[in-house]
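In: Quick one: sequence plus predicted model below, questions after.
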Number of protein chains: 2
Amino acid sequence: MKYSVGVDLGATKINFILVKNKKIIRQEKVFTPKNRKEVIKTLENNIKKIIGNISKSEILGIGIGVAGPLNRRGDLILNPPNLRVLRNCPLAKIIEGNMGIKTVMENDVHCFTLAEALLGAGKNAESVLGITLGSGIGGGLIINPKHGIYRGAFGAAGEIGHMVIKFDGFLCSCGSRGCFEEYASEKFLKRKSKLSPLELEKRAKKGDKKSKMIYQEFGKNLGIGLANLINVFDSEIVVIGGSIAKAGSLILEPAIKEIQKRVLSPHSKKFVKIRLSKLGGSAGALGAALLLESYD
Amino acid sequence: MKYSVGVDLGATKINFILVKNKKIIRQEKVFTPKNRKEVIKTLENNIKKIIGNISKSEILGIGIGVAGPLNRRGDLILNPPNLRVLRNCPLAKIIEGNMGIKTVMENDVHCFTLAEALLGAGKNAESVLGITLGSGIGGGLIINPKHGIYRGAFGAAGEIGHMVIKFDGFLCSCGSRGCFEEYASEKFLKRKSKLSPLELEKRAKKGDKKSKMIYQEFGKNLGIGLANLINVFDSEIVVIGGSIAKAGSLILEPAIKEIQKRVLSPHSKKFVKIRLSKLGGSAGALGAALLLESYD
């Protein structure tokens, strides 16, 4: 069994892991630099560091999860609204060329969903909708775990954060009004509370009424978006991750209530499972490492 | 090559066709009766009529397209908002039992999408999103034509008419507020114009300004919903059918403009094809007949 490197390249942090036999052996976390050259240098240095003295012949490859959309072949980052520094960057090819190790990449939330479907909360499910709640909202769909991620015709499936739920609503960074991520990501919490999401969560968990109300409304909005996705996709399970998922029942309870009100099919309503991520903060990097297995 | 019977069972009309070698040989249309017993009698009488003196051994089976949602196995109609007379009805089993001919059924818009994907506007596409605009909005998704319709985990995928696009908007017959079908189906046209859709279309095509404006707004709303679905599914082609599709460019032009504004991936935006149905009013019945082929 060879080693794989998994990288979760986010707008603020990069998570590096070394994986063997689907288990995390080593881990490194760093902040994301602000320009492209530095990002690439940071990736290479930390990948070298995490590989250590393991010989290249023992490394299956490097998988990178990165904000989408990517292109159809998955070898070009197009125009991620929250990671502008890597627009139109063929990142995997650059890393592979510089390091001499096979490198693949995929939308970060697709990686999250793949990991949760194969090893986490979505294990043994027939179809999984993965959703991450952070600075924005991302999505991934697995229709059959054996076939991996559903990428869509042009590689851009799962951009659920830009599904409009209030067409005359708030203006989103993508240029549209009323996107889901304006109502159920950090953007919403910041707009409503003027606090950092961490501080808000602390206050709500201490019982502060106003903070709890904000999560209540957030959860309701989340439920509206999830009900839409269940009506459209009818997946067996929805797995919720990302930094805001830590708020747990604060958001889950109102979301489930809304889903129960809004899903059309009585069978989907009854049987669909709504679960929090099991793999936590490493799901994205783990899924990126798992990408290698289907490319082997 | 055997014959198949295709039935498109709508809220107001039922379309019966006899198919051989993917071609329509005979056709019958009748109005939909108002009670269940009469619906079943009408189905049986007209199926007999269309089969004529062809022997049962020459009939592959009967396929029925009907308003969803159905259950997971596709043998029970659950709670269609626009066809209440058939709630919780195991229709295919009843027809099969009474007539002694193998009978299968499927969501009517899934049938429409299957026919357009195999024989119509979506031919040769890798993935097809079918949408019908009529008294409501229905949807069907084909991810790979060889695998047929994507039914979802509980048989209810494609309920796109109940995707919310304005969560504080108009109340829908399903009980939710702001459903897509409140903004881009007959419901919208009637609410805005107080005219029949046929009369409105006539006026708009004659150049009546107010009527054209209503279609303009309808098209914009349609584009919002379609952009959502493209952001989520990223299908290669969208095929638009149903009675309102006849309005053609009146709705298509503003819809495409809105899609171009709202789809996130520049590649999806550039390459996705938006087309009107090629098979017209018989697509649903034809798709229902085609269901038999995958059951053979």
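Out: That came through fine. Just so it is clear, the model here is predicted, and its values are computed rather than measured.
In: what about A:Tyr3, neighbour count?
Out: Residues near A:Tyr3, counting by other CB atoms under 10 Å in any protein chain shown, number 20. From N, CA and C alone the C-beta is placed, and that goes for glycine too.
In: I figured it hits A:Ile59, correct?
Out: Yes - between A:Tyr3 and A:Ile59 there is a contact at 5.3 Å, judged by CB atoms under 8 Å.
In: So for these two, which residues contact both of them?
Out: A:Ile51 (CB atoms under 8 Å, 6 or more residues apart in numbering or on different chains).
In: can you pull the pLDDT of the residue lying closest to A:Leu291 once chain neighbours are set aside?
Out: Nearest residue to A:Leu291, sequence neighbours excluded (CB to CB, 6 or more residues apart in numbering or on different chains): A:Gly63, at 3.9 Å. You'll see A:Gly63 listed with a pLDDT of 98.
In: now A:Asp296
Out: pLDDT for A:Asp296: 38.
In: likewise A:Glu186?
Out: Looking at A:Glu186, its pLDDT reads 96.
In: cool, and A:Arg84?
Out: For A:Arg84, the predicted pLDDT is 89.
In: any idea of the angle the longest helix anywhere in chain A forms with helix B:209-233?
Out: Of all the segments of type helix in chain A, defined by DSSP state H, the longest one is helix A:209-233. Angle, helix A:209-233 to helix B:209-233, by axes from the mean of the first three to the mean of the last three CA atoms, to 10 degrees: 90 degrees.
In: Give me the packing partners of helix A:209-233, helices and strands only.
Out: For helix A:209-233, the elements it packs on are strand A:128-133, strand A:137-142, helix A:186-193, helix A:197-205, strand A:237-241, helix A:249-262, helix B:209-233, judged by 3 or more CB pairs under 8 Å, 6 or more residues apart in numbering or on different chains; DSSP states H and E.
In: could I get those as JSON lines with distance to B:Gly10 and mean neighbour count?
Out: Formatted as JSON lines, the helices and strands packed on helix A:209-233 follow (distance: least, CB to CB, whole Å; neighbours: other CB atoms under 10 Å in any protein chain shown):
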{"stretch": "strand A:128-133", "distance to B:Gly10": "31", "mean neighbour count": "30"}
{"stretch": "strand A:137-142", "distance to B:Gly10": "30", "mean neighbour count": "28"}
{"stretch": "helix A:186-193", "distance to B:Gly10": "41", "mean neighbour count": "18"}
{"stretch": "helix A:197-205", "distance to B:Gly10": "49", "mean neighbour count": "18"}
{"stretch": "strand A:237-241", "distance to B:Gly10": "32", "mean neighbour count": "26"}
{"stretch": "helix A:249-262", "distance to B:Gly10": "25", "mean neighbour count": "19"}
{"stretch": "helix B:209-233", "distance to B:Gly10": "21", "mean neighbour count": "23"}
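In: Could I get the buried residue list for stretch A:97-116?
Out: For stretch A:97-116, the neighbour count (16 or more other CB atoms under 10 Å in any protein chain shown) marks A:99, A:102-116 as buried.
In: Quick check: the two most widely separated of the residues you listed?
Out: Within the buried residues of stretch A:97-116, two members stand farthest from each other by CB to CB: A:Met99 and A:Glu116, at 28.2 Å.
In: What ranges does the stretch 1-150 of chain A have for its strands?
Out: A:3-9, A:13-20, A:23-31, A:59-66, A:103-107, A:128-133, A:137-142 (DSSP state E, counting those that start in this stretch).
In: what residues does the longest one touch?
Out: For strand A:23-31, the external contacting residues (CB under 8 Å, 6+ apart) are A:3, A:12-19, A:42, A:46, A:49-50, A:52, A:282, A:285-286.
In: Can you select the buried ones among those residues for me in ChimeraX?
Out: Buried residues within the contacts of strand A:23-31, by 16+ other CB under 10 Å, are selected in ChimeraX with:
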select /A:3,14,15,16,17,18,19,42,46,50,282,285,286
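In: if we look at chain B, which of the contacts of strand A:23-31 are close to it?
Out: Counting by CB under 8 Å from any CB of the partner chain, nothing from the contacts of strand A:23-31 sits close to chain B.
In: For A:Leu70, which residues are in contact?
Out: Counting by CB under 8 Å, 6+ apart, A:Leu70 makes contact with A:Leu76, A:Ile77, A:Leu78, A:Met105, A:Glu106, A:Asn107, A:Gly155, A:Ala156.
In: Send over the lowest-mean-pLDDT helix or strand in chain A as PDB, restricted to the C-alpha atoms.
Out: Across the helices and strands of chain A, mean pLDDT, DSSP states H and E gives its lowest value to helix A:283-295, namely a mean of 89. Extracted as PDB, the C-alpha positions of helix A:283-295 are listed here (Å, rounded to 0.1, in the frame of the first residue of the first chain):
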ATOM      1  CA  ALA A 283     -12.400  15.700   5.400                       C
ATOM      2  CA  GLY A 284     -11.400  17.900   2.500                       C
ATOM      3  CA  ALA A 285      -7.700  16.900   2.500                       C
ATOM      4  CA  LEU A 286      -8.600  13.300   3.000                       C
ATOM      5  CA  GLY A 287     -11.000  13.400   0.000                       C
ATOM      6  CA  ALA A 288      -8.200  15.000  -2.000                       C
ATOM      7  CA  ALA A 289      -5.900  12.100  -1.100                       C
ATOM      8  CA  LEU A 290      -8.700   9.600  -2.100                       C
ATOM      9  CA  LEU A 291      -8.800  11.200  -5.600                       C
ATOM     10  CA  LEU A 292      -5.600   9.300  -6.300                       C
ATOM     11  CA  GLU A 293      -7.200   5.900  -5.900                       C
ATOM     12  CA  SER A 294      -9.600   6.400  -8.800                       C
ATOM     13  CA  TYR A 295      -6.700   7.700 -10.900                       C
END
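In: between it and strand A:103-107, how many degrees?
Out: For helix A:283-295 against strand A:103-107, the angle by the same axes, to 10 degrees is 130 degrees.
In: pretty sure A:Asn98 contacts A:Asn45?
Out: No - contact between A:Asn98 and A:Asn45 fails when scored by CB under 8 Å: they sit 11.1 Å apart.
In: Between the two, which contacts overlap?
Out: Common neighbours of A:Asn98 and A:Asn45 are not found (criterion: CB under 8 Å, 6+ apart).
In: if we can go back for a sec, could you export the helices and strands packed on helix A:209-233 to JSON lines, including columns for distance to B:Arg84?
Out: Shown next, in JSON lines, are those (distance: least, CB to CB, whole Å):
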{"stretch": "strand A:128-133", "distance to B:Arg84": "30"}
{"stretch": "strand A:137-142", "distance to B:Arg84": "32"}
{"stretch": "helix A:186-193", "distance to B:Arg84": "38"}
{"stretch": "helix A:197-205", "distance to B:Arg84": "43"}
{"stretch": "strand A:237-241", "distance to B:Arg84": "29"}
{"stretch": "helix A:249-262", "distance to B:Arg84": "19"}
{"stretch": "helix B:209-233", "distance to B:Arg84": "25"}
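In: nearest to A:Lys273, of these?
Out: That would be strand A:237-241 among those, by CB to CB, at 4.3 Å.
In: so who does A:Met105 touch?
Out: Per CB under 8 Å, 6+ apart, neighbours of A:Met105: A:Gly63, A:Ile64, A:Gly65, A:Val66, A:Leu70, A:Gly74, A:Asp75, A:Ile77, A:Leu91, A:Ala92, A:Ala288, A:Leu291.
In: for A:Ile224, what are its contacts?
Out: Contact analysis of A:Ile224 by CB under 8 Å, 6+ apart lists A:Ile165, A:Tyr183, A:Glu258, A:Arg262, B:Val164, B:Phe167.
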